[in-house]
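K.L.:
Would you be able to build a 3D model of this:
(chains A and B)
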Amino acid sequence: MNHGTDTWDWGAVADFMPHFWDGVLVTLQALVLGSLIAFSLGLVWALAFRAPTRFIRWPVGLITEFIRNTPLLVQLFFLFFVLPEWNIQFSAETTGTLAIGLHYSTYTAQVYRAGIEAVPVGQWEAAKALSLSYPRTWTAVILPQAIRRVVPALGNYVIAMLKDTPLLSGIGVLELLQRSRLEAAQTFQYTEALTVVGVAFILIAYPSSLLLRALERRLVR
Amino acid sequence: MTAGLWEHWVLPGIWITVQLTVYSAALATAVAFGIGMARTHRSRAVRFFAAFYTEVFRGVSALILMFWIFFVLPQLAGWALVPMWAAVLALGLSYGAYGAEIVRGALNAVAPAQREAGVALSFTPWQRMRLVLLPQAVPEMIPSFCNLLVELLKGTALVSLLGIGDVSFAAYLVRLATTESAQIYSITLVIYFVLAFLLTRGMKLLERRAKAGIGQFPEPRQGLGPWLRFRQPSAKSSELSTAGVTATSSAAGSAGATGVTGGGAAR
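P.N.:
A predicted model of the protein is given here:
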């Protein structure tokens, strides 16, 4: 094995592959769970934006603006170092997933909000005319129409979250970047491991974006 | 936290974060305009290269790009960049790719008749771009660029993982020294929030001036509410399309298509 020369070594790529697939698994796990948190919490924020009292609307607005305008990495460290001080013990994976979900919930909240605002006023009036209850208006009339419109936009944020999963390496989660760093630290071959991971991201992100575009054409008429 | 910690770590850290933001924003702006204009070029090859650039740099994570430039480029090319400039290069190239989509969307949103008028006056393509299209497109870009700038500011925190002494790295050191995690990380988050707020206010001023420059009415000054608002509703569309790697036909086009936004660039 040649150590850290400027030639490409396929042997190093082959050595890295088993770790690569383990990393893919951890990355995807964080991505899926993070997305679920972001989607559900974002909806909660979005409904809170429309709360009847300003005592809910304003604090929620301030909190989401704050989360949205500060770096995910620092939030990640905040959760990772501060939660144990408050006697809340999570693994690094869980903390990372929570941080990603929380951060992106403030983005999806804006998406939901825009989707809800795009539902024609007539739909609200129709629900009222049918004397539907308030919860039923939301669940049966407004949300089904709003969410259908925002699926492509939500998909954009899933891709954005995918590209932020490498940050979890900062707290030692064994996702793709961390695996490649460990591999490189052992063999001194940064080129192969890091390039494989970089190319993998492009290979996942580009087809996903094509898929989203197709979805957008189908869902939004 | 004692005064010494502030003086030696946190304040220099803030200064490095500010420098990183300014340099990367400058590089990202240059890349965004270069690639964005190239995407409207007549030549198919130029358009293809520009599209390829955008897809690659939006597809790969900024942190991985940073590591790649920092660790791999020296091995492949035989020369290394100072850590600071490696970080600026990674941030500028990556956020420039997002900016290129904003530039392209705004250029496409200029009324086609304006382009045709330029042709009728037998302007060269470059004159058309410089005298007709850009002056009208730039004010439309500013709200989206404002959001991107905040994303870039947040992105500078990544450099702390390379050991560059920005404010995130200072927070890490202070935490090691004092073990007061909650305090130091809360302060750090507030510092980023204040920086983001200042950036947003600056961009808002810029937008007013740019709109006045092409004879559009700037939005009237209102009470405290809008003043405190970070992101502008008109920028929602581009925010959606810059977040992911989707190459929607244009920022304005996708806004109209999804119907989730009020106006988008084609207000």
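K.L.:
so the closest residue to chain B within chain A is in which element?
P.N.:
As assessed by CB to the nearest CB, chain B sits closest to A:N156 within chain A, at 3.1 Å. The C-beta positions use only the backbone N, C-alpha and C, and glycine is treated the same way. Using DSSP states H and E, A:N156 sits in helix A:143-164.
K.L.:
moving C-terminal of that helix, what's the next helix or strand?
P.N.:
The element immediately downstream of helix A:143-164 (helix or strand, assigned by DSSP H and E) is helix A:176-187.
K.L.:
circling back to that earlier point, the residue of chain A closest to chain B: how many residues sit nearby?
P.N.:
Neighbour count for A:N156, taken as other CB atoms under 10 Å in any protein chain shown: 27.
K.L.:
From A:E216, how far off is it?
P.N.:
Plainly put, A:N156 is 10 Å away from A:E216 if you go by CB to CB, to the nearest Å.
K.L.:
got it, and A:I202?
P.N.:
The value you get for A:I202 to A:E216, if CB to CB is used, is 21 Å.
K.L.:
For residue 28, pull up the helix or strand it's in.
P.N.:
This is for chain A. Here A:L28, judged by DSSP H and E, is contained in helix A:10-49.
K.L.:
try again with chain B
P.N.:
Under the criterion of DSSP H and E, B:A28 resides in helix B:11-38.
K.L.:
And that helix, how far out from the chain middle?
P.N.:
8 Å (CA atoms, centre = their mean, to the nearest Å).
K.L.:
Please see if that helix touches chain A.
P.N.:
No - counting by CB under 8 Å from any CB of the partner chain, chain A is not contacted by helix B:11-38; separation bottoms out at 9.9 Å.
K.L.:
now for that helix, which elements pack on it?
P.N.:
If contacts are counted by 3 or more CB pairs under 8 Å, 6 or more residues apart in numbering or on different chains; DSSP states H and E, helix B:11-38 sits against helix B:44-59, helix B:83-109, helix B:134-155, helix B:167-178, helix B:181-213.
K.L.:
Would you mark the buried spots in stretch A:177-185?
P.N.:
Of all the residues in stretch A:177-185, those buried under the rule 16 or more other CB atoms under 10 Å in any protein chain shown are A:L177, A:Q178, A:R179, A:S180, A:R181, A:L182, A:E183, A:A184.
K.L.:
again, but for stretch A:185-201
P.N.:
Buried-residue list, stretch A:185-201, by 16+ other CB under 10 Å: A:187, A:189-198, A:200-201.
K.L.:
contact partners of it?
P.N.:
For stretch A:185-201, the surrounding residues in contact (CB atoms under 8 Å, 6 or more residues apart in numbering or on different chains) are A:1, A:3-4, A:6, A:8-9, A:12-13, A:15-16, A:20, A:23-24, A:162-163, A:176-177, A:179-181, A:183-184, B:59-61, B:64-65, B:67-68, B:71-72, B:75-76.
K.L.:
which of those are buried?
P.N.:
Among these, those classed as buried by 16+ other CB under 10 Å are A:9, A:12-13, A:15-16, A:20, A:23-24, A:162-163, A:176-177, A:179-181, A:183-184, B:59-61, B:64-65, B:67-68, B:71-72, B:75.
K.L.:
most centrally placed residue in chain A?
P.N.:
For chain A, A:M161 is the residue whose C-alpha lies nearest the centre (CA atoms, centre = their mean; 3.4 Å).
K.L.:
my guess is that one meets A:A38, correct?
P.N.:
Yes - if you go by CB atoms under 8 Å, A:M161 and A:A38 touch, sitting 6.9 Å apart.
K.L.:
Please identify every residue contacting each of the two.
P.N.:
A:I100, A:Y104.
K.L.:
that older thread, mind giving me TSV with the helices and strands packed on helix B:11-38 and columns for mean pLDDT and distance to A:H103?
P.N.:
Shown next, in TSV, are the helices and strands packed on helix B:11-38 (pLDDT from 0 to 100; distance: least, CB to CB, whole Å):
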stretch	mean pLDDT	distance to A:H103
helix B:44-59	93	19
helix B:83-109	93	18
helix B:134-155	92	10
helix B:167-178	89	15
helix B:181-213	90	12
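K.L.:
Mind checking the ones you listed for the one nearest to B:W126?
P.N.:
Comparing those against B:W126 with CB to CB, the closest turns out to be helix B:134-155 (10.5 Å).
K.L.:
what's that closest one packed up against?
P.N.:
Under the contact rule (3+ CB pairs under 8 Å, 6+ apart), helix B:134-155 is packed against helix B:11-38, helix B:83-109, helix B:181-213, helix B:236-243.
K.L.:
quick check: angle from that helix to helix B:83-109?
P.N.:
Comparing the axes of helix B:134-155 and helix B:83-109 via axes from the mean of the first three to the mean of the last three CA atoms, to 10 degrees yields an angle of 140 degrees.
K.L.:
Dump helix B:134-155 to PDB, keeping only the CA atoms.
P.N.:
What follows is helix B:134-155 as a C-alpha-only set of coordinates in PDB (Å, rounded to 0.1, in the frame of the first residue of the first chain):
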ATOM      1  CA  LEU B 134     -28.700  43.200 -15.300                       C
ATOM      2  CA  PRO B 135     -29.900  46.600 -14.100                       C
ATOM      3  CA  GLN B 136     -33.400  45.200 -14.000                       C
ATOM      4  CA  ALA B 137     -32.500  41.700 -12.700                       C
ATOM      5  CA  VAL B 138     -30.200  42.800  -9.800                       C
ATOM      6  CA  PRO B 139     -32.900  44.400  -7.600                       C
ATOM      7  CA  GLU B 140     -35.000  41.200  -7.900                       C
ATOM      8  CA  MET B 141     -32.000  39.100  -6.800                       C
ATOM      9  CA  ILE B 142     -31.300  41.000  -3.600                       C
ATOM     10  CA  PRO B 143     -34.000  39.400  -1.300                       C
ATOM     11  CA  SER B 144     -32.800  35.900  -2.400                       C
ATOM     12  CA  PHE B 145     -29.200  36.900  -2.000                       C
ATOM     13  CA  CYS B 146     -30.000  38.100   1.500                       C
ATOM     14  CA  ASN B 147     -31.200  34.600   2.500                       C
ATOM     15  CA  LEU B 148     -28.200  33.000   0.800                       C
ATOM     16  CA  LEU B 149     -25.900  35.400   2.700                       C
ATOM     17  CA  VAL B 150     -27.400  34.300   6.000                       C
ATOM     18  CA  GLU B 151     -26.900  30.700   4.900                       C
ATOM     19  CA  LEU B 152     -23.300  31.500   4.100                       C
ATOM     20  CA  LEU B 153     -22.700  33.100   7.500                       C
ATOM     21  CA  LYS B 154     -24.100  30.000   9.100                       C
ATOM     22  CA  GLY B 155     -21.800  27.900   6.800                       C
END
